[in-house]
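[1] compute the structure for the input listed below.
(chains A and B)
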Amino acid sequence: MANQTLPAQQVEKQHVSFWYRYKVGRILLYFILTFGALVALTPFVYMLLGSLLTRGEMLNRKLLPRDPIAGLQNYVQAWNEANFNEYFVNSVQITTITIIGMLIVCVLAAYAFSRIKFPGREAIFAVFLATMMIPETILLIPNFLIVNQLNKLMAPIGLPWLNNWPSLTIPFMASVFAIFLMRQFFAQIPDELWDAARIDGAGHVRFMLQVVMPLSKAVLFTVIIFQFIGSWNALVWPLVVTSKPDWRPIAVGLYSFISEAGPELQLMLAGAVITTAPVLLLYFFTQKQFTEGIATTGLKG
Amino acid sequence: MPQQSAESLKTGRVSGARKRAIREAFIGYLFITPATVLLTVFGLFPLLYAVYISLHRWRIKKGPFLGLKNYTKALGDPKDILWFAIGVALLIGSWYLWKSMTRERRTWAMVVKFLAVIVFIAGAWGMFTGLGKMIESGDQTMYEAFVVTVFYAVGIVPMQLGLALLLAVMLYQKIKGKDMYRMIYFMPYVTITVASAGVFRAIFSRRPESIANQLAGLLGIEPQKWLQEPHGIWELVFGHFGVNLQEVFKTMGVDSFLAFILAGPSLALLSIMLYNLWVFVGYNSVIFLAGLGAIPSDLYEAAEIDGANRWHIFRHVTLPLLSPTIYFLTIITVMGVFKAINHVLVMREPAAQGTVDTASLYIFDQFYLSTRFGYASAIAMVLFLVILTLTFVQNRIAQRRVFYG
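    Numbers count the residues shown, from 1 in each chain, chains lettered A, B, ... in the order given. Below is the predicted model of the structure:
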């Protein structure tokens, strides 16, 4: 690493150029990056290839399926054996209800915290933020008992909580993380817009729905994606509040498929592909907003 | 609101402005009501409720009031806890004594420093003997779960952050296919935990043809039991050279808990840590990348003009300016280890004999499998106290070390 001072122009072009200046450095750079990518990808490749092996091939320790089309049979078998049909629908329902509820609850709160003045606003927001520090493990037991009580209260009026959607969705609708992100975003919207809207006779509700929300598509999108992954990923809480398959989401379905049934490996891998596919597809299509959304959350923290 | 009243006095519409402010506040409260109700019911109240539960015998249904019995059952004899607490207090006291005298040069300072050293030794002695007796009389499995958690956190934080920083610095160069690399690195993070942990269960299978064993074979290591291996890593390494570490401990009279620590994290736990690395390195490097992008480039230019070399620039410009990101990721990672349940639940094998059970998983087991709600809540409160202490310490360190440019 030479200690020479570079001509100003060159410095301006690239400030970190060690890797670039030497061919060896560049090769090493690509080598390490590609190696990392291979490590990240190997389990996916293994999952896909393994899910297409026939039972005999798996037992004979083959790595590549000879007839991938025939291997698709595994997916049908896993789908039926693990009862994914039901679990899949459950997960879609749970995710949809949670996202809609979360948007209503959190947009309202974020709007109030950023654009409406009321006494105690900062203090209440600080309490909101503090709840993020409480680990879920500690809340698990009391929340289970609370949901039990709500179940007893609400079942007579036709809304049982256990083995039903309320326990799986309502506790997640107040996402402090979502409120925090949206608050940052809403606060940046210029006050002139609000003044103009007020002159036109619009109140807070109309301003929020017709000006703030259309301007905040990016952050709404980020929040929705996070919630989607969170709901699709949830395991422990659904495991605790459901005792029948009626409302169990797909992660629980896969978990019981893996642990209770002890299926053949190729079926388990097929099940893993089925469960992951929706999230990975969503990721591929929305990749840019996705990584950017996450990068900003890191910076703000 | 003095500002508003002054304004309204001028315009002479006192009641109108006040009315509007009240209306505004009313709308504000209305808007935050749903979130506040939900957070109170499912976020704040449960914390108090957990304390209440932990003070009772509670097996599915509430039983008699026990006071602190659940806590002493978990932590051990109150007398020993007191010893431990006094020890910790003395340690902290000696630290302040020493610090208050570091700038002084007189004999008086020497005496105080000497005193500080004695207090330190006494504190350390009190803490360790207290802790040793607590473990003996308390729930040793719980203490082991905490040791597992510490192994996990201490192992994962430097590896994960180091690798992520390396990848981020490389991705920050002008390279072809940057977006592609970033996309690939991030894939593990978006994968469903149960699915990817299931795949890793197959990868770390004890079968000789599993991927882990084949890779180990390339490095000349004989097939291992991976997720089914309860023996500590140091035990395995020494065993490879023909030394039975457990025998050594036995002849030296080391008790079983200390032997558990000295044997190191089990190979099963290390496998789970590798899974953790696989999931989070990409996520961390994306965040590092954002942090790198936020560093103004004229700082690099200034450093180059001053003749700093690459390492100096990295050490004295990049790292300090990245310290908020490093701090953030450290907290996220440590918190993640303390919360770790899902993937451990999928990846643990009975053969691992509980050497992978983190504190959170132990609480979950006590609650879900053994239906000891009261006892599980007591351990959960202990975990909460540990996390609070850690956050406090991390904050103190951050105040000195984190540079918010």
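[2] any stretches of the stretch 151-300 of chain B with poor pLDDT?
    Across the stretch 151-300 of chain B, nothing is flagged by pLDDT under 70.
[3] who in the stretch 101-250 of chain B is up against chain A?
    Contacts of the stretch 101-250 of chain B with chain A, taken as C-beta under 8 Å from any C-beta of the partner chain, map to B:166-167, B:169-175, B:181-188, B:190-196, B:198-203, B:209, B:211. Placement of C-beta: from N, CA and C, glycine included.
[4] please repeat the previous calculation with a cut-off of 6 Å.
    Neighbours of chain A within the stretch 101-250 of chain B, by C-beta under 6 Å from any C-beta of the partner chain: B:167, B:170, B:173, B:181, B:183-186, B:188, B:190-195, B:198-199, B:202, B:209.
[5] buried subset of these?
    Neighbour-count burial (16 or more other C-beta atoms under 10 Å in any protein chain shown) applied to those gives B:167, B:170, B:173, B:181, B:183-186, B:188, B:190-195, B:198-199, B:202.
[6] pLDDT wise, what is the closest residue to B:Thr391 other than its chain neighbours at?
    Sequence neighbours aside, A:Met133 is the residue nearest to B:Thr391 in space, at 7.0 Å (criterion: C-beta to C-beta, 6 or more residues apart in numbering or on different chains). In this model, A:Met133 is scored at 83, pLDDT.
[7] give me the secondary structure label for A:Met133.
    With DSSP: H, G, I helix; E, B strand; the rest coil as the basis, the three-state label of A:Met133 is coil.
[8] quick one, what contacts B:Gly43?
    Each residue near B:Gly43 by C-beta atoms under 6 Å, 6 or more residues apart in numbering or on different chains is listed here: A:Thr131.
[9] does B:Ala398 touch B:Pro324 like I think?
    No: when contacts are counted by C-beta atoms under 6 Å, B:Ala398 is not listed as touching B:Pro324 (8.6 Å).
[10] tally of neighbours for the residue nearest to B:Thr391?
    A:Met133 has 13 neighbours, counted by other C-beta atoms under 10 Å in any protein chain shown.
[11] what residues sit buried inside the strand or helix carrying B:Lys99?
    Taking DSSP states H and E as the criterion, B:Lys99 maps to helix B:78-101. Using 16+ other C-beta under 10 Å as the test for burial, helix B:78-101 gives B:Asp80, B:Ile81, B:Trp83, B:Phe84, B:Gly87, B:Val88, B:Leu90, B:Leu91, B:Ser94, B:Leu97, B:Trp98, B:Met101.
[12] likewise stretch A:134-143?
    A:Ile134, A:Pro135, A:Thr137, A:Ile138, A:Leu139, A:Leu140, A:Ile141, A:Pro142, A:Asn143.
[13] what sits against the third one?
    Contacts here follow C-beta under 6 Å, 6+ apart; on that basis A:Thr137 touches B:Ser360, B:Ile363, B:Ala380.
[14] tell me the pLDDT at A:Phe228?
    As predicted, A:Phe228 sits at a pLDDT of 91.
[15] need the three-state assignment for it.
    Criterion first, three-state DSSP; result for A:Phe228: helix.
[16] measure it to A:Leu282 for me?
    7 Å (C-beta to C-beta, to the nearest Å).
[17] just B:Val112 next, same as before
    B:Val112 is 63 Å from A:Leu282, by C-beta to C-beta.
[18] phi and psi next, for the residue nearest to B:Thr391.
    With angles defined as degrees, to the nearest 10, A:Met133 sits at phi -80, psi -10.
[19] mind checking the SS state of B:Phe364?
    Once three-state DSSP is applied, B:Phe364 turns out helix.
[20] excluding its backbone neighbours, what's nearest it?
    Once flanking residues are discounted, B:Phe364 sits nearest to B:Ile341: 5.6 Å by C-beta to C-beta, 6+ apart.
[21] contacts only, for the one you found.
    For B:Ile341, the contacting residues are A:Val236, B:Ser360, B:Leu361, B:Phe364, by C-beta under 6 Å, 6+ apart.
[22] tell me the contacts of the residue nearest the centre of chain B?
    Taking C-alpha atoms, centre = their mean, the centroid of chain B lies closest to B:Val334, which sits 2.3 Å from it. Neighbour list for B:Val334: B:Ala153 [criterion: C-beta under 6 Å, 6+ apart].
[23] so it is in which element?
    helix B:319-339.
[24] and the next helix or strand after that helix, what does it pack onto?
    Beyond helix B:319-339 in the direction of the C-terminus, DSSP H and E gives the next helix or strand as helix B:342-347. With contacts taken as 3 or more C-beta pairs under 6 Å, 6 or more residues apart in numbering or on different chains; DSSP states H and E, helix B:342-347 sits against helix B:193-203.
[25] that's all I had, so thanks and see you.
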